[in-house]
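Asker: got a structure for you, letters missing:
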C-alpha cells in the first residue's frame, strides 16, 4: 500500500507570492490533516478535512487555506507569503470513521518551503 | 484546551543506556495517547500508542503506559542503540467531530557509540 505522498518536496518562494502544496493520502483514508513544523513553534495544527469538508481548524491567519477533493486528495494554499511561513509542511491521513479509529496519523515526508 | 508537555532535549546517551522521556498531558475526557518518532529528513511515524487508562503501548523495545491518575505517558527503553537517534514527539488525539492531534515540543535524542 503506498504511503502518503506530498509534492513538491522542496520549494523556494519570495515574499508576497503564493504557494500550493499537494497531498495524496493512503488509499482508503478519508481524513487529511495538515501541520506546520518549525524549530521555534514545533508542530502546529493547521486544519483537518473529511469528505471535502473542513472539520477542524487551527489558529492560523486566513492566508492559510485548504481543500479536499472527492478522491480524498488535499491541497493547502498560502497566499501573500511572509518570511515566517518558512517551514516544513506535513500532511497526514487517517482512516476516519468508526469507533475503532483512534486518530493515529500516517505522515508524508513533508514539503519544505523557504520564503526569501 | 488540550496540551502536551514533554521534557526538553537534547538528551545524549551512550549505547545500551536506559532511556526515559517524560510526557504529561492536559485534556478533558479520554484522549488517545501516542509517541511519534522523526528521523532526520523524514516525516513522523507512529512509534506506539495507548487508547485507554492503564494500557501499555510497545514497539521496537520502547514502552509507555497511559497513566490517567498522573496524566502521564512516559517513554522508556531499556537499552538504546545509535539507530534510535531521532526526535520523539508525545501526542494526544480526541475525536470531537473530527480528529485534532496535539503534539508536544519534541525531544531530540542523540545516542553515542
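Answerer: Arrived safely, thanks for sending. It should be emphasised that the depicted structure is a prediction, and the values quoted were computed from it without experimental measurement.
Asker: what bridges to the most centrally placed residue in chain A?
Answerer: Residue closest to the average C-alpha location in chain A (C-alpha atoms, centre = their mean): residue A:34, at 2.9 Å. Residues in a beta bridge with residue A:34, per DSSP bridges, are residue A:47, residue A:91.
Asker: surely it is in contact with residue A:76?
Answerer: Yes: contact criterion C-beta atoms under 8 Å: residue A:34 and residue A:76 qualify, at 5.2 Å. In this view, the C-beta of every residue, glycine as well, is placed from N, C-alpha and C.
Asker: which neighbours do these two have in common?
Answerer: A:23, A:46, A:47, A:66, A:89, A:91 (C-beta atoms under 8 Å, 6 or more residues apart in numbering or on different chains).
Asker: neighbour-wise, which of those residues leads?
Answerer: Neighbour counts for the shared contacts of residue A:34 and residue A:76 peak at residue A:91, which has 30 neighbours (criterion: other C-beta atoms under 10 Å in any protein chain shown).
Asker: in contact with it: list those residues for me.
Answerer: Residue A:91 neighbours (C-beta under 8 Å, 6+ apart): A:4, A:6, A:21, A:23, A:25, A:32-35, A:74, A:76, A:107-108, A:110.
Asker: check residue A:108 too.
Answerer: Counting by C-beta under 8 Å, 6+ apart, residue A:108 touches A:3, A:4, A:5, A:6, A:23, A:90, A:91, A:92, B:43.
Asker: then residue B:70?
Answerer: residue B:24.
Asker: what about residue B:59, distance to chain A?
Answerer: 12 Å (C-beta to the nearest C-beta, to the nearest Å).
Asker: touching, that residue and residue B:48? I think so.
Answerer: Yes: shown here, residue B:59 and residue B:48 form a contact pair, counting by C-beta under 8 Å, at 4.5 Å.
Asker: settle it for me: which of those two has more neighbours?
Answerer: Taking neighbours as other C-beta under 10 Å, residue B:59 and residue B:48 compare with residue B:48 leading, 19 against 13.
Asker: residue numbers of chain B in contact with chain A?
Answerer: Within reach of chain A by C-beta under 8 Å from any C-beta of the partner chain, chain B has these residues: B:32, B:34, B:36, B:41-46, B:49, B:51, B:89, B:93-106.
Asker: from the residues you listed, which land in strands?
Answerer: Per DSSP state E, strands hold the following members of the residues of chain B next to chain A: B:32, B:34, B:36, B:44-46, B:49, B:89, B:93-95, B:99-103.
Asker: since that was my last question, I'll sign off now.
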